[in-house]
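*Asks:* What would the 3D arrangement of this be:
(chains A and B)
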Amino acid sequence: MNIITRKIGRRSVLGGAAAVAAGSLVYPARGTFAASESPVKFGMVDPQTGTYAALGASEITGAKLALDEINKAGGVMGRPVELLVEDSAADPGLAVTKARKLVGSDKVNFLMGSVSSAVSLSLSQAAEELKTLYLDTGGHTDQVTGTECRWTTFRTCSTTWMLTAGNFKTLFDKFGKDWYFLTPDYAYGHSLQKDYATQLAKAGGKVLGNALSPLGTTDFSSYLIKIRAAKPNVLVNLTAGNDLVNSMKQAVQFGMDKDMTIAGALIELEDLAALPKEARLGWWVMEWYWDQPNQPHVADFVATYKTMSGGKVPSGRSWFGYASTHALALAANKAKALDTLSVVKALEGLVLPPEVALQPNEPFYRAADHQMIANEFPGYVLSNGAYPNLFHVADIVPGKTIALSPEAAGCKMTFPT
Amino acid sequence: MELLLFGAFNGLIVGFFYALMALGLSLILGLNNVINFAHGGFMALGGYLAFTLVPFVGFWGALVLAPFGAAALGLIAERGLIRPLYGRDPLYSLLLTFGLALILEDMTRTIWGPQGLPFSIPDFLDHPLSNVYFFLTGYRLLVVIVAAVATLGLFAVLRFTRLGVCIRAGNADLETVASLGVNIYFLRAANFALGILLAGLAGILAGGQLGLTPTMGSSLIMPSFVAIIVGGAGSLIGSLLGGLIIGVAAGVVTMYAPAASEVVIYLIMALVLLIRPRGLLGQEGLFE
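*Replies:* Residues are numbered from 1 along each chain as shown, chains lettered A, B, ... in the order given. Presented below is the predicted three-dimensional model:
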């Protein structure tokens, strides 16, 4: 009898390796899997690479923390919830492709994300075509819940108007009326600058100039030279992320903080942590801050987050991811359904419970334009602070007092018949 | 008018930084015939290594040691990845270094995190040197000095040391040098390491005035390429000149039309390629 021994040759090993590699390409998005046949799926499109990776990482960690809590409390209508995360790399085209994949092949029930305003606008449009609910976690430009509002789109983070109105009065009264803007040349920057300029004109101040820097500028020296020559009272730095870190480092090295006040709208804890001590200064607005000693539940949230993030405290971005995930679960449970229209109706007017809101004044999603009305935390950077005590919150400004009405924001929402 | 002069002066300072980045790239292109797209990744690596070393040896110690760390990693990359591609179509090395750039970016993100790191420079460098020329800070003067010293040092190495003479000879005709008994494997490895040493140095200096993030390499690589194309591939003085030209051009244009500040360096590159493809001081026939 011939025993034919079958040897595993090199070719089959290589072929097997190739098959495994090819298989990993069709593997569904990285996610947390619960052991069940029919989980409810949330799809998150956020930057995990590229210039906004640090901000995206915070949003994703916040979302995962919320996911654990939701599943421990029984999930959505008794079914476990799964979070599928896709990398947008802050590229609108790529983000839309990932969103279509999440809805089309991964069959997610809801979409959420992103950090870049440009990506949020694109995802908002794509989600309406896909008839899927999209919760904008962190894209700030006014249009998302303003002139380009859609029945499928909700937003957790502030509008650029609310950011600017959060500290406009403080800056104007304290520091002077001649302002020079350093604006990143895209939707978010233009929005912020227009909103500040509108309020400045109304209060009798003057826009001395507006330096538009391309997104990703590394060398700000030319802009800073122009700004210094104009001698403003306030340098309003509207850049974000890496651009903010670069421009702040260079402005301080040029000694510009001695000639004028450096301020701006949004600053994020991640940006502050990337600045060396000498460049940590200025007056800014945060949308949520971890150090709220008088607010219940916040300390627990911070402690749990630190165990998940390797010691980092939660930032505003973490709260966006956390609150958005909880909001979707709460709305689905309230509607007792998963179809887009029912959950949209349930999310309209939804007030966040205190353990999710983690701030005073009962944040809620406004029904007319689907915009969350929460609080702004204006303040100043502590120049001698050590992480995580980098920011001093001077005030908590309720969103109700500063947000534009839906009509003023230009939102005309149409529902499908 | 004053704005124009300030812009030009400022652009000159920035240009020295671009020139430092371009030096290493030009060196590698000359002898190894490799279009090193991973140059930006090694720059970022140099900056991150310096950040890690600063608590132990201080800023100056890190400035000296971290480039050697980057050069060591460059040697490993050359031995393992680039050596098999010598003699082949330059497209192979371009694709390989492009992939290597992506790997290096993800590697820095995995090891040090996506969060930007607060890289501090010594206090006494952190001020403007003059009230009128407030954009000339002690730190930027350091960058200019380091770039000038690096160029002169490189020139001295190439002119007066045995290794340098071999590199210059290899630039002209590598086959003959090999048949004359010079170990060209060692030569090419040393040349690559030297180029990466300069990249690491540029990365540390960049980290002082920019945020130290995993993506900093990709934002710095393009001006270096434009600098060597404008100045001429294969000429070190050409890289210096190319860097200065694009620095001044970008600095001046940013004053008046910021939206065009990125485009202008590519316009200059296109102009040079149309009129004099070898670059302003380039060797004839290197890529013609």
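*Asks:* Need the nearest residue in space to the residue of the stretch 1-150 of chain A found nearest chain B, chain neighbours excluded.
*Replies:* Among all residues of the stretch 1-150 of chain A, A:A53 sits closest to chain B, at 3.6 Å; criterion: C-beta to the nearest C-beta. Any C-beta I mention is one placed from the backbone N, CA and C, and that applies to glycine too. Leaving out its chain neighbours, the residue that sits closest to A:A53 by C-beta to C-beta, 6 or more residues apart in numbering or on different chains is B:P114, at 3.6 Å.
*Asks:* now stretch A:207-215: mean pLDDT?
*Replies:* The average pLDDT for stretch A:207-215 rounds to 92.
*Asks:* Wondering if that stretch reaches chain B at all.
*Replies:* Yes - part of stretch A:207-215 sits close enough to chain B to count as contact by C-beta under 8 Å from any C-beta of the partner chain, namely A:211-214.
*Asks:* if we can go back for a sec, wait, a strand at the residue nearest to A:A53?
*Replies:* No - read with DSSP: H, G, I helix; E, B strand; the rest coil, B:P114 is coil and lies in no strand.
*Asks:* Identify the residues contacting it.
*Replies:* With contact taken as C-beta atoms under 8 Å, 6 or more residues apart in numbering or on different chains, B:P114 is in contact with A:48-49, A:53-54, A:56-57, B:213-214.
*Asks:* Now do the same for it: its pLDDT.
*Replies:* B:P114 is assigned a pLDDT of 87 by the prediction.
*Asks:* Please report the distance of it from B:V264.
*Replies:* 31 Å (C-beta to C-beta, to the nearest Å).
*Asks:* can you list the residues of the stretch 301-417 of chain A near chain B?
*Replies:* Going by C-beta under 8 Å from any C-beta, the residues of the stretch 301-417 of chain A near chain B are A:K312.
*Asks:* the strands in the stretch 151-300 of chain A, which residues?
*Replies:* Taking DSSP state E, counting those that start in this stretch as the criterion, the stretch 151-300 of chain A contains strands spanning A:153-155, A:178-184, A:206-213, A:234-237, A:261-266, A:283-286.
*Asks:* Now B:L273. Nearest residue, chain neighbours left out?
*Replies:* Excluding its sequence neighbours, the residue lying closest to B:L273 (C-beta to C-beta, 6+ apart) is B:I229, at 6.9 Å.
*Asks:* For whichever strand or helix holds that neighbour, name the packing helices and strands.
*Replies:* According to DSSP states H and E, B:I229 maps onto helix B:216-231. Counting contacts by 3 or more C-beta pairs under 8 Å, 6 or more residues apart in numbering or on different chains; DSSP states H and E, helix B:216-231 packs against helix B:2-32, helix B:39-77, helix B:90-112, helix B:184-209, helix B:236-256, helix B:263-275.
*Asks:* How far off centre is the fourth one?
*Replies:* Meaning helix B:184-209. Here the centre of mass of C-alpha atoms in helix B:184-209, compared against the chain's by C-alpha atoms, centre = their mean, to the nearest Å, lies 8 Å away.
*Asks:* swap in the longest one?
*Replies:* Centre-to-centre, helix B:39-77 and its host chain are 14 Å apart (C-alpha atoms, centre = their mean).
*Asks:* same question, stretch B:30-37
*Replies:* Relative to its chain's centre, stretch B:30-37 lies at 13 Å (C-alpha atoms, centre = their mean).
*Asks:* Mind listing residues that contact it?
*Replies:* With C-beta under 8 Å, 6+ apart as the test, stretch B:30-37 has contacts from B:25, B:28-29, B:78, B:82, B:85-86, B:90, B:93-94, B:97-98, B:100-101, B:167, B:170-171, B:174, B:187-188, B:191-192, B:195, B:221, B:233-234, B:286.
*Asks:* Apply the buried test to the residues you listed and list what passes.
*Replies:* Among the contacts of stretch B:30-37, those scoring as buried are B:25, B:28-29, B:78, B:82, B:85-86, B:93, B:97, B:100-101, B:167, B:170-171, B:174, B:187-188, B:191-192, B:195, B:221, B:233-234, B:286 (criterion: 16 or more other C-beta atoms under 10 Å in any protein chain shown).
*Asks:* list the buried ones in stretch B:160-177?
*Replies:* Judged by neighbour count (16+ other C-beta under 10 Å), stretch B:160-177 contains these buried residues: B:164, B:166-167, B:169-171, B:174, B:177.
*Asks:* Turn those residues into a markdown table, including pLDDT.
*Replies:* Rendered in a markdown table, the data for those read as follows (pLDDT from 0 to 100):
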| residue | pLDDT |
| --- | --- |
| B:G164 | 90 |
| B:C166 | 91 |
| B:I167 | 89 |
| B:A169 | 89 |
| B:G170 | 87 |
| B:N171 | 83 |
| B:L174 | 85 |
| B:V177 | 91 |
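*Asks:* so of these, which ones are in strands?
*Replies:* Taking DSSP state E as the definition of strands, the buried residues of stretch B:160-177 contribute nothing to them.
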